[in-house]
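Visitor: Coordinates for the following, if possible.
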Amino acid sequence: MAVAAPFTGFSRDAIQFLADLALHNERSWFQPRKADYERLLKEPLEALCVALAPRFEAAGLPLRADSRSPFRIYRDVRFSADKSPYKSHVSASFPWTGEGSGVGAYFHFQPGEVFAGGGMWHPEPAQLAAWRHAIDADLGTVRAVLDATEFVATFGEVSGDRLKRVPTGFPADHPGAELLKLKDVTFGRRLSDDEALSPDLPDTLVATFASAVPLLGLLARLSSDETRAGWLRGTDANAGTSPRTGR
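Guide: Numbers count the residues shown, from 1 in each chain. Below you'll find the model as predicted:
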């Protein structure tokens, strides 16, 4: 079995490749440059994910990372009006392995938009209903997690697609109205170019994700083990929608 190469950082050539791909998103451009994609992006991303596994364990983070964590560069265009065959970013997800399920951490690498985040994105109806019930039944506990100093300093506020009005069954003046409107519960922290291109990126991601463990644990315990959030089912950002940064 081949030993994975150590992670030595992404290069500026990797950023330029994605920028060029965004301008020439077609097979006739990509195929002659596929080896460049693998050298600049696919292999470093796999190495990053492999490097994260022992660091997650050492830090006590209940997240899974391995060579299967990265998403494919190819878009699923079957149900999309946009038939561009490739994503203009690379990314990886790190599912929660502790009690509960349906949440995880996420890394996104794209020109002008490199970030680390996570949460529950496109959750199953049962998990979203459980989130709203938790807000209604024990808003203080939810707010304590969201307002924790470390979480706020790292990510700011949670974000995600939201309803225009408070969902049916809850009063319009509910003290947790804005949280009830959320259809996703996501968070993120933008990374600087220096952080994104550094060989120390695995350590940066571990420190970042550690700030989110209390919230991930709360979200994971909302529903049964059968629940899987959208990006953990492998949907990622095929149609141009992705978990965005909270800032």
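Visitor: in the protein, which spans are helices?
Guide: In the chain, the helices defined using DSSP state H lie at 12-23, 27-30, 34-37, 43-59, 125-137, 139-146, 149-155, 177-180, 193-196, 201-210, 213-220.
Visitor: Might you report the residue contacts of the residue nearest to L45 when sequence neighbours are not counted?
Guide: Among residues not flanking L45 along the chain, P70 sits closest, at 4.8 Å (C-beta to C-beta, 6 or more residues apart in numbering). No exception for glycine: its C-beta is placed from N, CA and C like everyone else's. Contacts for P70 (C-beta atoms under 8 Å, 6 or more residues apart in numbering) come out as 42, 45-46, 49, 90-92.
Visitor: What sits closest to the residue nearest the centre of the chain if chain neighbours are left out?
Guide: For the chain, the residue nearest the mean C-alpha position is Y106 (2.5 Å; C-alpha atoms, centre = their mean). Nearest residue to Y106 in three dimensions, chain neighbours excluded: G118, at 4.9 Å (C-beta to C-beta, 6+ apart).
Visitor: from memory the one you found sits against G102, does it?
Guide: No - contact status for G118 versus G102: not in contact, 11.5 Å apart, counting by C-beta atoms under 8 Å.
Visitor: ok, these two, which is more surrounded?
Guide: G118 (30 against 27; other C-beta atoms under 10 Å).
Visitor: Tell me how far that one lies from S93.
Guide: 8 Å (C-beta to C-beta, to the nearest Å).
Visitor: still on that earlier bit, quick one: pLDDT of the residue nearest to L45?
Guide: If you check P70, the pLDDT there is 97.
Visitor: coming back round to it: show me the one of the helices of the chain that comes nearest L163.
Guide: Comparison of these against L163 by C-beta to C-beta identifies helix 177-180 as nearest, at 8.1 Å.
Visitor: Compute the number of surrounding residues for F56.
Guide: Counted with other C-beta under 10 Å, F56 comes out at 21.
Visitor: ugh, typo on my part, it should be H174
Guide: 17.
Visitor: can you pull the contacts of it?
Guide: 135-136, 166, 180.
Visitor: will you turn the residues you listed into a markdown table that also has pLDDT and neighbour count?
Guide: Converted to a markdown table, the contacts of H174 look like this (pLDDT from 0 to 100; neighbours: other C-beta atoms under 10 Å):
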| residue | pLDDT | neighbour count |
| --- | --- | --- |
| I135 | 96 | 21 |
| D136 | 96 | 17 |
| V166 | 97 | 18 |
| L180 | 97 | 22 |
